[in-house]
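S.K.: Sequence plus predicted model, see below.
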Amino acid sequence: MTILVTGGAGFIGSNFVLDWPAGSTETVVNLDKLTYAGNLENLASLASNPSHIFVKGDFGDTALVKQLLATHQPRAVVNFAAESHVDRSIHGPEDFIQTNIVGTFHLLENVRGYWGGLEGDAKAAFRFLHVSTDEVYGSLAKTDPAFTETNRYEPNSPYSASKAASDHLVRAYHHTYGLPVLTTNCSNNYGPFHFPEKLIPLMIVNAQAGKPLPVYGDGQQVRDWLYVKDHCSAIRRVLEAGAVGEVYNVGGWNEKPNLDIVHTVCALLDELKPRTDGKPYKEQITYVTDRPGHDRRYAIDARKIEQQLGWKPAETFESGIRKTVQWYLDNPAWVSNVLSGGYRDWVSKQYGNTAKAAA
Ligand code: NAD
Ligand code: DAU
């Protein structure tokens, strides 16, 4: 048996593909366009594994996807491919519309054609799992209850709007055509192979480089953090036992303000790799201009997946963040190869002259 994964060279997709062989002998066909966020180094440990087939290409490329589906006859498609960075979506929304909306539409069309041609057990067992985000639900006030699967969609950034549109398309393909879809809406992930444009890896990398640690606005925005391997186990569980057409929120009950996250990363680095001048890393914290339209708070109510599918995260925030900081310390070659790419241009575009005060 085979599954087709899209975006499996990115942060979450590569963790998913790397973890897959531990629980399955099924082949993974990994289709990834290798945008700036796709990194084949993430998959180096699978280089000699014949059950991992990497294909460089666009998930919106009809000819390619049709050919992959016909050749490999997957029993499931897991869709990670996306533009994923909110700040980039503010600077340039078009790629987000093309990839997250138009790309997902083409993928759905091609999967619908393939599924329509299946018969019997193969048709009944087929699943299309769409990996989405809690950001589609918008922003919570301090005392609002956490997002459930029935919350209204109120996306606030071009990124979250494009993900919301893709979720709606997935839903519509189930209701209109009967495509057996599953959707997961997860909170903020962190862990190995996280591209250092996102908060946690950026802080780890900048701290060690002696650079400012840029905190947007007052740093009191709240995110709900989940270790990436726990997100991957949730996706496997939903693929295995989720009810067709259902949505599952995935989260770790770990709401934290950004400034607390940055302080935690600094404290771990103080312990694991102290600054040579003996000063604490938190001295590098710098408040910068806030993100336009910045969502104040996300929080996931994960009771549905816990109660209906028996899924629970394995890591606490404390254990997961320690593993994560240690991973970055143990993998300097991965970090320096990422930093020597186009990432540097992005950093100067985003943070150019926005530093306004040192903490
Ligand atoms: P990422 O940006 O690290 O990786 C995205 C991957 O998709 C990259 O490898 C990229 O090359 C690939 N890709 C982009 N466009 C493509 C295309 N047209 N065809 C094929 N491949 C393409 O993203 P991530 O953080 O790993 O997120 C994966 C998915 O999970 C996304 O759909 C994202 O919206 C969702 N998600 C992310 C988080 C998070 O905290 N990172 C949380 C919830 C949901
Ligand atoms: O909630 C799930 C989402 O989490 C995913 O759908 C997105 O793909 C993923 O990128 C992430 O979005 P966020 O915008 O929450 O993540 P990011 O790491 O960019 O930012 C986390 C918080 O930290 C956010 O409130 C903005 C803030 N921040 C971020 C950066 C990069 C800073 O204060 N400074 C920074 O330099």
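M.R.: Thanks, I have the structure now. The shown structure was predicted, so the numbers you read here are calculated from the model rather than taken from an experiment. Numbering: from 1, shown residues only. Ligands and ions are numbered 1, 2, ... in the order given.
S.K.: Give me the neighbour count for residue 103.
M.R.: Residues contacting residue 103 under the criterion other C-beta atoms under 10 Å number 26. (Glycine included, C-beta is placed from N, CA and C.)
S.K.: The residue lying closest to it once chain neighbours are set aside: how many residues sit nearby?
M.R.: Nearest residue to residue 103 in three dimensions, chain neighbours excluded: residue 60, at 3.7 Å (C-beta to C-beta, 6 or more residues apart in numbering). Residues lying near residue 60 (other C-beta under 10 Å) number 21.
S.K.: Any residue of stretch 199-215 touching ligand 2?
M.R.: Yes: residues of stretch 199-215 are located near ligand 2 by C-beta under 6 Å from any ligand atom, namely 199, 202, 214-215.
S.K.: Neighbour count, distance to residue 89 and pLDDT for these - can I get that in TSV?
M.R.: TSV is the format used below for the residues of stretch 199-215 next to ligand 2 (neighbours: other C-beta atoms under 10 Å; distance: C-beta to C-beta, whole Å; pLDDT from 0 to 100):
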residue	neighbour count	distance to residue 89	pLDDT
199	22	16	98
202	22	17	98
214	22	18	98
215	21	20	98
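S.K.: from those, which ones fall inside strands?
M.R.: Secondary structure from DSSP state E places 214-215 of these in strands.
S.K.: Just give me the closest of the residues of stretch 199-215 next to ligand 2 to residue 280.
M.R.: Residue 280 lies nearest to residue 215 out of those, by C-beta to C-beta, at 15.4 Å.
S.K.: Is it correct that that closest one is in contact with residue 287?
M.R.: Yes: at 5.4 Å, residue 215 counts as touching residue 287 under the criterion of C-beta atoms under 8 Å.
S.K.: how about stretch 155-170: buried residues?
M.R.: 155-167, 169-170 (16 or more other C-beta atoms under 10 Å).
S.K.: Strands of the stretch 201-350 of the chain, start to end?
M.R.: Per DSSP state E, counting those that start in this stretch, the stretch 201-350 of the chain carries strands over the ranges 213-216, 222-227, 247-250, 255-257, 285-288.
S.K.: contacting residues for the spatially closest residue to residue 326 that is not a sequence neighbour?
M.R.: Leaving out its chain neighbours, the residue that sits closest to residue 326 by C-beta to C-beta, 6+ apart is residue 272, at 6.6 Å. Contacts of residue 272 were listed using C-beta atoms under 8 Å, 6 or more residues apart in numbering, and they are 325-326, 329.
S.K.: Most neighbours among these, which one?
M.R.: residue 325 (25 neighbours).
S.K.: distance of the residue nearest to residue 135 when sequence neighbours are not counted from residue 134?
M.R.: Leaving aside its sequence neighbours, residue 135 sits nearest to residue 160 (C-beta to C-beta, 6+ apart; 3.7 Å). Residue 160 is 9 Å from residue 134, where distance means C-beta to C-beta, to the nearest Å.
S.K.: now the helices for the stretch 151-300 of the chain?
M.R.: For the stretch 151-300 of the chain, the helices defined by DSSP state H, counting those that start in this stretch cover 158-177, 199-208, 228-241, 258-272.
S.K.: Highest mean neighbour count out of those helices?
M.R.: helix 199-208 (a mean of 23; mean count of other C-beta atoms under 10 Å).
S.K.: helices or strands up against that helix?
M.R.: Here helix 199-208 touches strand 213-216, helix 258-272, helix 317-330, going by 3 or more C-beta pairs under 8 Å, 6 or more residues apart in numbering; DSSP states H and E.
S.K.: now for these, which one comes closest to residue 252?
M.R.: helix 317-330 (7.0 Å).
S.K.: The residue of the chain found nearest ligand 1 and residue 322: what is the separation?
M.R.: In the chain, the residue that lies nearest ligand 1 is residue 10 (2.0 Å; C-beta to the nearest ligand atom). From residue 10 over to residue 322 the distance is 23 Å, taken as C-beta to C-beta.
S.K.: cool, and residue 61?
M.R.: Separation of residue 61 from residue 322 (C-beta to C-beta): 41 Å.
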